[in-house]
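Peer 1: no sequence for this one, just the structure:
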């Protein structure tokens with residue numbers, strides 16, 4: 001489907017009613033599902049300095065593997081990968097090279113497969129083939145139902161996180177660019193003590209914000225409540241976290257997303273207020289910039305939303321929600337060619353991102369292309385529900 005497609009051919013009255021009903025149903029379901037983080041830079045709610053959530057997953061061989069098994073090691077690299085993601089191959093290749101070099105110093109790698117909600121025989125064969133071709137020796141674990149993917153709030157595939165002995169993120173990256181491997185190596189070698197950290201007077205150190213301990217407790221509890229499906233309790237805890245530390249951006253970003261999902265005018269304005277406050281506190285945070293753009297878009301402030309998304313993409317061109325939201329605004333402004341180019345870029349970052357298909361469907365619907373919108377709404381739902389693709393999404 002292309003936003004440049006011609007207007008849909010006239011259809012019988014019944015066909016139009018059916019299509020409209022389907023679109024409405026898909027939109028309602030997807031709005032609910034998108035309140036869950038699918039996809040700042042690498043992770044929506046986890047930042048450098050935060051402890052990553054515990055997980056317990058099965059290896060390819062069916063053995064239990066938990067994050068606790070590597071806690072206490074000086075450095076661990078977590079790689080979220082998929083066989084359909086071309087950039088996952090160099091990410092795993094570089095991880096294997098590092099592991100071969102530094103395993104004896106306590107370095108560990110965990111490869112988390114996120115092909116889809118549940119793996120079929122073809123998926124497992126592809127993973128086995130990839131493991132054999134790259135001679136991977138790290139444990140490969142299967143993220144059934146993508147629970148760990150959602151708990152981390154993974155943005156693009158692949159995404160990587162280097163964590164320290166206490167399970168805190170010291171470096172994270174979305175996708176895998178030429179410089180990503182060098183940055184990961186530097187972070188790992190500093191943790192292992194084989195490389196000195198850059199001197200503050202030689203390289204500007206990236207500050208790691210340390211929130212008030214009470215605020216952090218409320219934030220972590222709110223995150224837990226969200227994962228358990230108790231959004232009202234999550235909102236309550238995030239509000240307490242924000243009140244406990246007036247300079248802590250993370251709870252405001254998370255709170256903004258939960259308020260955004262409510263869709264009523266009061267909640268949308270509250271979401272905008274939270275995201276705007278977060279941008280003031282953390283001007284370079286792409287998740288805050290993108291969230292602010294989403295709130296502005298929902299409130300009908302198209303030009304302001306465009307500026308917010310352009311800034312977000314300039315900050316981090318690998319942050320898929322920023323790219324696909326920018327495409328949606330361009331589509332709504334009647335710029336189909338520009339919109340299609342951005343949607344293509346978003347799908348190259350993550351070809352199984354339901355959010356990108358959903359936003360492209362919204363753009364097509366705004367342009368009057370109901371057939372194209374229906375195909376993309378359906379493709380988004382197929383991804384979310386792990387259904388077979390009908391093959392007509394492109």
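Peer 2: Received the coordinates, thanks. Keep in mind that this is a model prediction, so the values were computed, not measured. Numbering: from 1, shown residues only.
Peer 1: So which residues of the protein form strands?
Peer 2: 56-59, 64-66, 75-81, 107-113, 140-142, 159-163, 169-174 (DSSP state E).
Peer 1: Quick check: which of the ones you listed is nearest to residue 191?
Peer 2: strand 75-81 (3.8 Å; CB to CB). Bear in mind the C-beta positions are built from the backbone N, C-alpha and C, glycine included.
Peer 1: Kindly calculate the angle that the closest one makes with strand 169-174.
Peer 2: Strand 75-81 and strand 169-174 meet at an angle of 20 degrees, taking axes from the mean of the first three to the mean of the last three CA atoms, to 10 degrees as the criterion.
Peer 1: now the angle between strand 107-113 and strand 75-81, please.
Peer 2: Counting by the same axes, to 10 degrees, strand 75-81 lies at 20 degrees to strand 107-113.
Peer 1: Packing partners of strand 75-81?
Peer 2: Using 3 or more CB pairs under 8 Å, 6 or more residues apart in numbering; DSSP states H and E, the elements in contact with strand 75-81 are helix 88-102, strand 107-113, strand 159-163, helix 180-192.
Peer 1: Report the residue spans of this protein with pLDDT below the cut-off.
Peer 2: Counting by pLDDT under 70, the chain contains low-confidence ranges at 1-42, 45, 199-209, 386-394.
Peer 1: 50 instead?
Peer 2: Regions of the chain meeting the criterion pLDDT under 50 cover residues 1-40, 200-206, 391-394.
Peer 1: one step back: now render the helices and strands packed on strand 75-81 as TSV, adding distance to residue 173 and mean neighbour count.
Peer 2: Formatted as TSV, the helices and strands packed on strand 75-81 follow (distance: least, CB to CB, whole Å; neighbours: other CB atoms under 10 Å):
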stretch	distance to residue 173	mean neighbour count
helix 88-102	9	19
strand 107-113	15	24
strand 159-163	5	26
helix 180-192	5	19
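Peer 1: between the ones you listed, which gets nearest to residue 66?
Peer 2: Of all those, strand 107-113 sits nearest to residue 66, with 10.0 Å by CB to CB.
Peer 1: Go ahead and name everything in contact with that closest one.
Peer 2: 57, 65, 67, 70, 73-83, 92, 95-96, 98-99, 101, 119, 127, 136, 138-143, 148-149, 188, 192 (CB atoms under 8 Å, 6 or more residues apart in numbering).
Peer 1: picking that back up, export the strands of the chain to JSON lines and append columns for distance to residue 294.
Peer 2: Formatted as JSON lines, those follow (distance: least, CB to CB, whole Å):
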{"stretch": "strand 56-59", "distance to residue 294": "31"}
{"stretch": "strand 64-66", "distance to residue 294": "34"}
{"stretch": "strand 75-81", "distance to residue 294": "23"}
{"stretch": "strand 107-113", "distance to residue 294": "27"}
{"stretch": "strand 140-142", "distance to residue 294": "31"}
{"stretch": "strand 159-163", "distance to residue 294": "20"}
{"stretch": "strand 169-174", "distance to residue 294": "18"}
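Peer 1: can you count the residues close to the closest residue in space to residue 279 that isn't next to it in sequence?
Peer 2: Spatial nearest neighbour of residue 279, excluding adjacent residues (CB to CB, 6 or more residues apart in numbering): residue 288 at 4.7 Å. The local packing of residue 288 (other CB atoms under 10 Å) involves 28 other residues.
Peer 1: Same check on residue 133?
Peer 2: By the measure other CB under 10 Å, the count of residues near residue 133 is 11.
Peer 1: next one: residue 177
Peer 2: Neighbour tally, residue 177, other CB under 10 Å: 14.
Peer 1: With residue 260 instead?
Peer 2: Residue 260 - counted by other CB under 10 Å - has 23 other residues nearby.
Peer 1: Compute the number of surrounding residues for the nearest residue to it once chain neighbours are set aside.
Peer 2: With sequence-adjacent residues excluded and distances taken as CB to CB, 6+ apart, residue 260 is closest to residue 271, at 4.2 Å. Using other CB under 10 Å, the number of residues around residue 271 comes to 27.
Peer 1: Correct me if wrong: residue 271 contacts residue 297.
Peer 2: No. Using CB atoms under 8 Å, residue 271 and residue 297 do not qualify as a contacting pair, with a distance of 11.1 Å.
Peer 1: ok, now how distant is the residue nearest to residue 260 from residue 294?
Peer 2: 8 Å (CB to CB, to the nearest Å).
Peer 1: who touches both of the two?
Peer 2: Common contacts of residue 271 and residue 294, defined by CB under 8 Å, 6+ apart, comprise residue 260.
Peer 1: ok, now how distant is the closest residue to residue 197 other than its chain neighbours from residue 166?
Peer 2: Nearest non-adjacent residue to residue 197, counting by CB to CB, 6+ apart: residue 190, 5.1 Å away. Between residue 190 and residue 166 the computed distance is 15 Å (CB to CB).
Peer 1: With residue 150 instead?
Peer 2: 23 Å.
Peer 1: and these two? which has more neighbours close in?
Peer 2: Legend: neighbour count by other CB under 10 Å for residue 150 and residue 166, higher for residue 150 (18 against 8).
Peer 1: before we move on, the earlier item: columns distance to residue 320 on top of the helices and strands packed on strand 75-81, output as CSV?
Peer 2: Formatted as CSV, those follow (distance: least, CB to CB, whole Å):
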stretch, distance to residue 320
helix 88-102, 15
strand 107-113, 18
strand 159-163, 10
helix 180-192, 16
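Peer 1: so which of the ones you listed comes closest to residue 365?
Peer 2: Taking CB to CB, strand 159-163 is the member of the helices and strands packed on strand 75-81 nearest to residue 365, at 30.0 Å.
Peer 1: mind checking how far that closest one is from the chain centre?
Peer 2: Centre-to-centre, strand 159-163 and its host chain are 13 Å apart (CA atoms, centre = their mean, to the nearest Å).
Peer 1: Same check on stretch 92-100?
Peer 2: Taking CA atoms, centre = their mean, one finds the center of stretch 92-100 at 24 Å from the center of the full chain.
Peer 1: Pull the residues that contact that stretch.
Peer 2: So stretch 92-100 is in contact with 77, 79, 81, 107-109, 111, 130, 134-138, 158, 160, 181, 184-185, 188, going by CB under 8 Å, 6+ apart.
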